[in-house]
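*Asks:* Got a predicted structure here, sequence first:
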Amino acid sequence: MVSIGLALIPSEKKKLIKTTWCVVGRSLTGLIGLLAAGCASPLEFPPMGELLPYTARLEIAQSIKNLTADYTDSCGQPVQFPVGSQIEEALIEAVRRTYKAVVYETDQRSDLQPDLVLNIDLLGWSFDLNKEDLYDRAPAVLQLNAIARVYDAKGAVARETEIQVARRERLRLEQLAKNCNYLITPFIRDTAVEFASRILMDTRLAFQGRENPQVGAQMPAPAAGSATLSPSSAMGPALARSAPSALSNLRFKAMLLDENGNLVLEGGEHVRVRVDVINTGINPIQNASASLTGTPSILGQFPATKLTIPPLQPGETKSLEFIATMPPAAQSQQAEIHVAVVESDGTTAALSQTLSLTIEPSGVGTDDVDQIPFSAAGFHRPHTYLVSIGVGTHRDPQIQPRKYAAMDAKMVAGYFRSLGGVPSSNIRLLQDRKAFRYEIDEALFDWLPSTAGKDAVVIVYFSGQAMVDPMGEILLVSYEGSQTVPTLLYPLKDIDAALSRLKTKQVILLFDVRASKLQSDAGTKPVAPNWTPGGAHTIGLIGGEGFVKGLEDDKHRHGLFTYYLLRGLRGDADTNRDRAVTLGELAGYVRQKVAWAAKSQFNVEQRPQILPALKPGDKAAALVLSKLATLAGAETP
C-alpha cells in the first residue's frame with residue numbers, strides 16, 4: 001500500500017492541523033474508489049498530460065514541510081499559516097497526476113519498487129503581507145525557490161532544475177463576524193499548485209525518449225487506445241493543441257475592487273475588475289485575451305470588455321484591469337460579471353469566473369453620513385444603553401477645541417437610536433456645557449446602575465481631548481477640565497470602575513480623542529498611554545495608538561474616527577452582506593479605513609486599535625451593533 005496525503009485542512013490561526021492521510025492502491029482503479037469515498041483533493045490543477053508508466057518515489061525536504069507564514073491579522077493577533085503542508089499536499093497530488101504509481105514517506109510493500117526518485121529541496125523562500133498599503137486590500141507576496149532532482153533507478157541524476165515561483169495578490173479581510181484575518185488560504189493554495197505543477201511538468205522532460213530507468217529496456221508501449229507520449233503530447237493536451245476544445249495552460253483569478261471596498265456599487269464610484277493570469281506550462285504564450293460578459297447595464301459602463309494579455313513566459317504572472325464608473329441607480333439590484341480567458345486558437349483557461357455584486361440606489365452607502373438612515377423594522381435592543389459624550393469646547397480657553405466633537409456625540413446617539421435599535425430612554429447625551437465631571441459621574445454611577453441589568457450591553461462614546469500623566473494614566477477632559485490641574489480631569493480608570501460594578505454582559509468603549517501630555521509635566525519624559533480597558537467584559541475601539549492624533553475631517557465635518565464609525569454602522573462595514581453590522585466587522589472596517597485616510601489625506605499616522613484584541617470565536621465579535629433596513633420594510637427614526 002502507498003500512503004498519499006490527499007486532503008489537508010490547514011488552520012489559519014496559531015495551531016497547525018496535521019495532515020489527513022488516505023491509503024491508496026498501486027493502480028489508478030484502486031485510487032478512484034478511494035477518491036469516491038471522500039479522499040479527493042480540492043486542488044485545481046491545469047492539464048498534466050497522460051500518466052507516465054513509472055512508479056515514482058517522492059521525497060520532500062523537511063525544510064519545505066516546516067514552512068509557516070508568520071504575520072499579524074487586522075486585530076493585531078499573531079497568526080501562523082502552515083504553508084509547508086499546502087505545498088506538500090500540492091506536490092503529492094501533482095505526482096499522482098503525472099505517474100502511474102506513487103511512493104511517499106514509509107511504504108510497507110516489498111513488491112513496490114520505484115522506477116525513479118523525485119527529490120524536492122528548498123533553496124529559499126519569502127512571504128510578505130503589507131498591511132500598510134490599505135487601499136482595496138492588503139498586498140501579499142509569496143516567493144518559492146527550490147531545486148527539483150530526478151534520479152533513475154541506478155541513482156544517477158536524470159534531470160536537475162531550479163524552480164522559482166513568485167505570486168502577488170491583494171488579500172481581502174474574511175467576510176465573517178470577527179473580520180480580523182485575511183483570506184490567505186486560496187492565495188497560498190494557488191501558489192502551491194503553481195509550484196507543484198511547474199515541477200512535475202519539468203520532470204516529464206527527464207524521460208522523453210529515454211530508456212526505462214529501472215530495467216534499462218525501452219520504455220514499454222502505451223496501452224491500446226492511449227496516446228503516444230510524443231514530446232508534445234507528453235506535456236498534456238493543452239500544449240499538443242490537438243483540438244480547439246483543449247484547455248489552456250493559462251490559469252486566472254478575477255476580483256472585483258470597488259473604490260471604498262464594501263462590494264456595493266454606488267453612483268459615481270470607480271470599479272475595477274482585476275484579472276491575474278499565470279502561464280503554468282513550459283512554453284511561452286503569446287496571444288491571449290480576457291473578456292467580460294454578464295448584466296448588460298453594468299457591462300455598458302466599461303469602455304472595453306475585452307483586453308489583450310501581454311506575452312507570458314512559463315511560470316510568469318501578469319495582471320490587467322477593466323475599469324468603469326458606476327452611474328446613479330434607480331433601485332437596488334443584483335448583477336453578475338462573467339470573466340473568461342481565451343487563447344488565439346480558441347483554447348480556454350478552464351471555466352469562466354462569475355463575480356456577483358450589488359447595485360444600490362443613490363443615497364445608500366454614500367458619504368452623506370449626516371442623514372441618519374432608516375431603521376430596520378422590528379429591530380429593537382431594549383437592553384442596550386448608550387452614554388454619548390462630546391466635548392468640543394471648554395471653560396479653559398487654553399485647551400484646543402475639537403470642532404466636531406459635540407455634533408459627533410449627537411450623531412452617534414442618533415445612529416444607535418435608529419440603526420442600533422436603542423430606545424431613546426436608554427440614551428444619555430452629554431455635550432460641551434452638559435458634560436461637566438459631575439454629570440458624567442451621574443450617568444455612570446447613578447443612572448446606569450439603576451437601569452442596566454445583568455443582560456445589558458453598555459456603550460460609552462467619548463469625543464474630545466485626553467491628557468496623559470507621567471505614569472501613562474489617561475485623563476479625559478470634561479468641560480471644566482484644565483491642562484495644568486489634573487484634579488479637574490476625568491481619569492479613565494474611574495470609567496472602568498463604574499462600568500465594572502454593573503456586571504453587564506458586555507461593555508464597549510468608542511473613543512475619538514486627541515491625546516497629549518499634561519502641560520504640568522512638560523519637563524518629564526513622556527510615557528506611552530495605556531488604553532487597555534480594565535473591565536473583564538470591556539472592549540475598547542480606540543481612535544489611535546499612543547498619543548492619538550485625533551484627526552478631524554473638515555470635508556465631512558466629523559472627527560476622522562467618528563466619520564468612519566458612522567459609515568461602518570450605516571452598512572459599509574457589512575462585509576458578509578447580511579444587513580447586520582457586528583462589532584468585529586465594525587472594528588476591522590474602522591481600523592482599516594482610518595489608517596488609510598490618515599496616511600493618504602493627511603500624510604500622518606493614526607491607527608485605531610481594538611483592546612483587548614478580538615480572538616477567534618469571541619462572542620463579542622458577533623455582537624450586532626446596527627441592522628440595515630430593507631427598501632420594503634423601512635421605518636423612519
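*Replies:* Great, that's in hand.

*Asks:* For the nearest residue to P373 once chain neighbours are set aside, which three-state class applies?
*Replies:* Excluding the flanking residues, the one nearest P373 by C-beta to C-beta, 6 or more residues apart in numbering is R570, at 5.0 Å. Just so you know, the C-beta spots here come from the backbone N, C-alpha and C atoms, and that holds for glycine as well. R570 falls in the helix class when you classify it by DSSP: H, G, I helix; E, B strand; the rest coil.

*Asks:* Equivalent analysis for E93, please.
*Replies:* helix.

*Asks:* Look at S85 and give its secondary structure.
*Replies:* Following three-state DSSP, S85 is assigned to helix.

*Asks:* That should have said G588, apologies.
*Replies:* Assigned with three-state DSSP, G588 falls in the helix class.

*Asks:* That one and T582: what is the separation?
*Replies:* Taking C-beta to C-beta, to the nearest Å as the measure, G588 falls 10 Å from T582.

*Asks:* So these two - more neighbours on which side?
*Replies:* G588 (28 against 24; other C-beta atoms under 10 Å).

*Asks:* Hmm, that one is touching D572, no?
*Replies:* No - in this structure, G588 is not within contact of D572 by C-beta atoms under 8 Å, at 11.3 Å.

*Asks:* For the residue nearest to P373, report the pLDDT, please.
*Replies:* Listed pLDDT for R570 reads 92.

*Asks:* Any stretches of the stretch 251-400 of the chain with poor pLDDT?
*Replies:* 259-264, 266-269, 315, 327-331, 349-351, 360-367 (pLDDT under 70).

*Asks:* if we go to 90?
*Replies:* 251-272, 274-287, 295-303, 312-321, 323-336, 343-378, 396-400 (pLDDT under 90).

*Asks:* Would you map the helices across it?
*Replies:* 296-299 (DSSP state H, counting those that start in this stretch).

*Asks:* Show me the helices in the protein, by range?
*Replies:* In the chain, the helices defined using DSSP state H lie at 28-34, 62-65, 83-96, 185-203, 237-240, 296-299, 405-418, 437-441, 448-451, 492-500, 560-567, 583-602.

*Asks:* Now the last one: buried residues?
*Replies:* What that stands for is helix 583-602. For helix 583-602, the neighbour count (16 or more other C-beta atoms under 10 Å) marks 583-599 as buried.

*Asks:* Then the third one?
*Replies:* For helix 83-96, the buried set under the neighbour-count rule, 16+ other C-beta under 10 Å, comprises 83-96.

*Asks:* Tell me the one of the residues you listed nearest D115?
*Replies:* Set against D115, the nearest of the buried residues of helix 83-96 by C-beta to C-beta is V95 (12.6 Å).

*Asks:* Now do the same for the closest one: its pLDDT.
*Replies:* 93.

*Asks:* roughly how far apart are it and M471?
*Replies:* 62 Å.

*Asks:* One more: P486?
*Replies:* P486 sits 11 Å away from M471, going by C-beta to C-beta.

*Asks:* Could you do D618 as well?
*Replies:* In this structure, D618 and M471 are 30 Å apart, going by C-beta to C-beta.

*Asks:* do the same with A140
*Replies:* With distances taken as C-beta to C-beta, A140 is found 40 Å from M471.

*Asks:* Those two: which has the busier surroundings?
*Replies:* A140 (22 against 9).

*Asks:* give the contact list for the more buried one.
*Replies:* Each residue near A140 by C-beta atoms under 8 Å, 6 or more residues apart in numbering is listed here: F127, D128, L129, N130, R168, E169, R170, L171, Y182, I184, F187.

*Asks:* Now a PyMOL select for only the buried ones of the residues you listed.
*Replies:* The PyMOL selection below is limited to those of the contacts of A140 classed as buried (16+ other C-beta under 10 Å):
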select buried, resi 127+129+169+170+171+182+184+187
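
*Asks:* Nearest to A377 among the contacts of A140?
*Replies:* Y182 (34.8 Å).

*Asks:* Spatially, what comes nearest to that closest one if we skip its sequence neighbours?
*Replies:* L171 (4.1 Å).

*Asks:* give me the number of residues near the residue nearest to V369 when sequence neighbours are not counted?
*Replies:* Spatial nearest neighbour of V369, chain neighbours left out: L566 (4.3 Å); criterion: C-beta to C-beta, 6+ apart. By other C-beta under 10 Å, the residues close to L566 number 25.

*Asks:* Which one of the contacts of A140 is nearest to L551?
*Replies:* N130 (22.5 Å).

*Asks:* distance of the closest one from L183?
*Replies:* Counting by C-beta to C-beta, the gap from N130 to L183 is 16 Å.

*Asks:* same thing with T562?
*Replies:* In this view, T562 and L183 are 29 Å apart by C-beta to C-beta.

*Asks:* Show me which of the two is the more surrounded one.
*Replies:* Under the criterion of other C-beta under 10 Å, the comparison of T562 against L183 puts T562 first, with 28 against 15.

*Asks:* got the contact list for the closest residue to the more buried one other than its chain neighbours?
*Replies:* Leaving aside its sequence neighbours, T562 sits nearest to D408 (C-beta to C-beta, 6+ apart; 4.3 Å). Residues near D408 by C-beta under 8 Å, 6+ apart: G390, S463, D512, H558, G559, T562.

*Asks:* what's the most distant pair in those?
*Replies:* Going by C-beta to C-beta, the pair spanning the contacts of D408 furthest: G390 and H558, at 11.0 Å.

*Asks:* Need the residues touching each of those two.
*Replies:* Common neighbours of G390 and H558 (C-beta under 8 Å, 6+ apart) are M407, D408.
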